[in-house]
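Chemist: mind looking at a prediction? Sequence and model below.
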Amino acid sequence: MSEFKEFEAKTIDDAINAACVAFQTERDKLEVEIIQDSKGGIFGLVGVKKAQIKARLRDANAELKQIVLGVVERLVNTIVDDPRIEVEIEDKDRVKVTILGDEHSGLLIGREGQTLASIQYLANRIMAKKSTEPLRIQVDTGDYRERQDDSLRQLALHLADKAKSLGRVQSTKPLSSYHRRVVHMTLQTDETISTKSKGDGPLKRVLILPKRTRPQLPYEPGQQEGESLGRREQRVSNEPNGNRAPYVKHDEFGDEPY
């Protein structure tokens, strides 16, 4: 969200028009607060004051934030009283909701994150009916999601090492699209393995496959280390005798050399 800027003019309307010009937008796209109205003063000379306002661009996602906040508040209020909730628009189709305060985080997370997962599931189902655009809501409290992601990254690295040492495909348990992405991103720089998702429905496994390396052929006689066969032939052909076999003349009736 942009910062407030102050504007002054003869009237409130003139000051707002000046703000529209400065922000290059329309009036309904601005958030305006009036500092003071204009005053004519005595005989229009003494005590004259211009109208002053401060304005900034209106948050385009403000309405969406309020709707999401209301949905999550109603769900969480059934578990704890007066929850403090922050809503952040991370992307056009992704919203992060954080329930603040550590005193109730254990209760909201539940066993193996089941309570938090249920809140997130219900919030997404409700918003799917309220929003015309696809929207993904992630609910977190007590940094549970980050700790869960760290554990998943460690698991991905462990399975990758296992796949390379055993030479066999390894698999995660069925994961959501978000958690599959965590695994893929964790292992994307490892050139010795590849990853792919497998399964039907929203929950899929991530397969971790070791890449097969082609066995290196031994060097040909006369071939130098790191030298290609084509390069060897070119080098030998340029040498007087080089590595070529010596010429031996045979008689025309047998194999005996002269």
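Modeler: Received, thanks.

Chemist: would you map the helices across the protein?
Modeler: 12-23, 62-76, 105-109, 114-130, 144-166, 177-187, 229-237 (DSSP state H).

Chemist: check which residues of the shortest one are buried.
Modeler: The reference is to helix 105-109. In terms of neighbour count (16 or more other Cβ atoms under 10 Å), helix 105-109 has its buried residues at 105, 108-109. All C-beta spots, glycine's among them, are computed from the backbone N, C-alpha and C.

Chemist: check the fourth one too.
Modeler: By 16+ other Cβ under 10 Å, the buried positions in helix 114-130 come out as 115-116, 119-120, 122-124, 126-127.

Chemist: swap in the second one?
Modeler: If you call a residue buried by 16+ other Cβ under 10 Å, then helix 62-76 has these buried ones: 64-65, 67-68, 71-72, 75-76.

Chemist: repeat for the fifth one
Modeler: Under the neighbour-count criterion of 16+ other Cβ under 10 Å, helix 144-166 has 144-145, 148-149, 152, 156, 159-160, 163-164 buried.

Chemist: ok, now stretch 88-99?
Modeler: Using 16+ other Cβ under 10 Å as the test for burial, stretch 88-99 gives 89, 95-99.

Chemist: same question for stretch 186-195.
Modeler: Buried residues in stretch 186-195 (16+ other Cβ under 10 Å): 186-187, 190, 193, 195.

Chemist: average model confidence for it?
Modeler: Computed over stretch 186-195, the mean pLDDT rounds to 94.

Chemist: which other residues reach it?
Modeler: 152-153, 156-157, 160, 163-164, 183-184, 206-211 (Cβ atoms under 8 Å, 6 or more residues apart in numbering).

Chemist: thought D37 was touching A51?
Modeler: Yes: here D37 reaches A51: they are 5.6 Å apart, a contact under Cβ atoms under 8 Å.

Chemist: neighbour count winner among those two?
Modeler: Taking neighbours as other Cβ atoms under 10 Å, D37 and A51 compare with A51 leading, 20 against 13.

Chemist: what's the farthest-apart pair in the contacts of stretch 186-195?
Modeler: Comparing all pairs in those by Cβ to Cβ, the longest separation belongs to L152 and K211, at 22.3 Å.

Chemist: off-centre distance for stretch 105-120?
Modeler: 23 Å (Cα atoms, centre = their mean, to the nearest Å).

Chemist: hey, C-alpha coordinates of that stretch in PDB?
Modeler: The C-alpha coordinates for stretch 105-120 follow below in PDB (Å, rounded to 0.1, in the frame of the first residue of the first chain):
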ATOM      1  CA  SER A 105      -1.400 -22.300  18.900                       C
ATOM      2  CA  GLY A 106      -1.300 -25.800  20.200                       C
ATOM      3  CA  LEU A 107      -5.000 -26.000  20.400                       C
ATOM      4  CA  LEU A 108      -5.500 -24.500  16.900                       C
ATOM      5  CA  ILE A 109      -2.900 -26.800  15.400                       C
ATOM      6  CA  GLY A 110      -4.300 -30.000  17.000                       C
ATOM      7  CA  ARG A 111      -2.800 -33.500  16.700                       C
ATOM      8  CA  GLU A 112      -0.500 -33.700  13.700                       C
ATOM      9  CA  GLY A 113      -2.000 -30.400  12.400                       C
ATOM     10  CA  GLN A 114      -5.400 -31.900  11.900                       C
ATOM     11  CA  THR A 115      -7.300 -29.000  13.500                       C
ATOM     12  CA  LEU A 116      -5.400 -26.400  11.500                       C
ATOM     13  CA  ALA A 117      -5.900 -28.400   8.300                       C
ATOM     14  CA  SER A 118      -9.700 -28.500   9.000                       C
ATOM     15  CA  ILE A 119      -9.900 -24.800   9.500                       C
ATOM     16  CA  GLN A 120      -8.000 -24.200   6.200                       C
END
